[in-house]
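Colleague: Sequence plus predicted model, see below.
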Amino acid sequence: MKVLALSLWNKESEKAVNLLSIQDVTSFSYFQRSTVTEFLTFTSQFMADRTAPGERKSVKEKEYICHSVTTTTHKIGGVMICDEEYPQRVAFTFMLKVIEDFLVKHPKGSWSGAPFTDADIRKQFDAAQDPTQIDHLMKINTDLEETKVILYDTIEKVLERGEKLEDIVARSENLSATSKQFYKTAKSTNSCCVIL
């Protein structure tokens, strides 16, 4: 799972204005990076322009998905471009959290100085590369999946042991019958003799 880009947009006018843009193109070759960066910027602008306040959109292109959301109260939009494996719910939750954090640090009156760079949001972006780090529900789900695998292995081992135990129990039942017969024979044999 990989997040390629995250951007925030001022949606007060017809054309969205970039407030913040973070991109990670390190997975591409050096010669492709400028082209990929331009494409990410264009796609982010395109999606931001076409996402009305209160809307959420997801558009798939080959192995990538572009998620966009625009808040109704502050008219600020978020666009996140990631691979198709990245969970949609986590992407939208992450964008809304980033928008909240951005508004705390950069109130609406300071937007004339855009685009901004924000080290804290960059750290959140880096953490978002692993969705389990930013989404507790997904972390719990991952832990449950790991626990299920361990539980299945344990059950298989118990069943194998159970089969072995059944063999031992069957042998002990045979042994018990033989032991009882030996006891009866020994008792009858020893009954003729008196031990002083």
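Modeller: Looks like it came in fine.

Colleague: for this structure, which helix is longest?
Modeller: helix 136-190 (DSSP state H).

Colleague: pLDDT of that helix, averaged?
Modeller: In this model, helix 136-190 carries a mean pLDDT of 72.

Colleague: Tell me which other helices or strands that helix touches.
Modeller: helix 131-134 (3 or more Cβ pairs under 8 Å, 6 or more residues apart in numbering; DSSP states H and E). The way it works is simple: take the backbone N, C-alpha and C, and place the C-beta from them, glycine included.

Colleague: Please state the offset of the helix it packs on from the chain centre?
Modeller: With Cα atoms, centre = their mean, to the nearest Å as the basis, helix 131-134 stands 6 Å off its chain's centre.

Colleague: do you know how far Lys123 is from Val98?
Modeller: Separation of Lys123 from Val98 (Cβ to Cβ, to the nearest Å): 11 Å.

Colleague: more crowded one of these two?
Modeller: Val98 (24 against 10; other Cβ atoms under 10 Å).

Colleague: Touching, His67 and Val90? I think so.
Modeller: No. In this structure His67 lies outside contact range of Val90 using Cβ atoms under 8 Å: 9.8 Å.

Colleague: who has more neighbours, the two?
Modeller: His67 (23 against 20).

Colleague: Can you name the element that comes right after the helix or strand containing the more buried one?
Modeller: Element membership for His67 (DSSP states H and E) is strand 64-70. Sequence order places strand 76-83 as the next helix or strand after strand 64-70, per DSSP H and E.

Colleague: tilt between that next one and strand 64-70?
Modeller: Relative orientation of strand 76-83 and strand 64-70, computed by axes from the mean of the first three to the mean of the last three Cα atoms, to 10 degrees: 170 degrees.

Colleague: Now do strand 76-83: which elements does it pack against?
Modeller: strand 3-10, helix 33-49, strand 64-70, helix 88-105.
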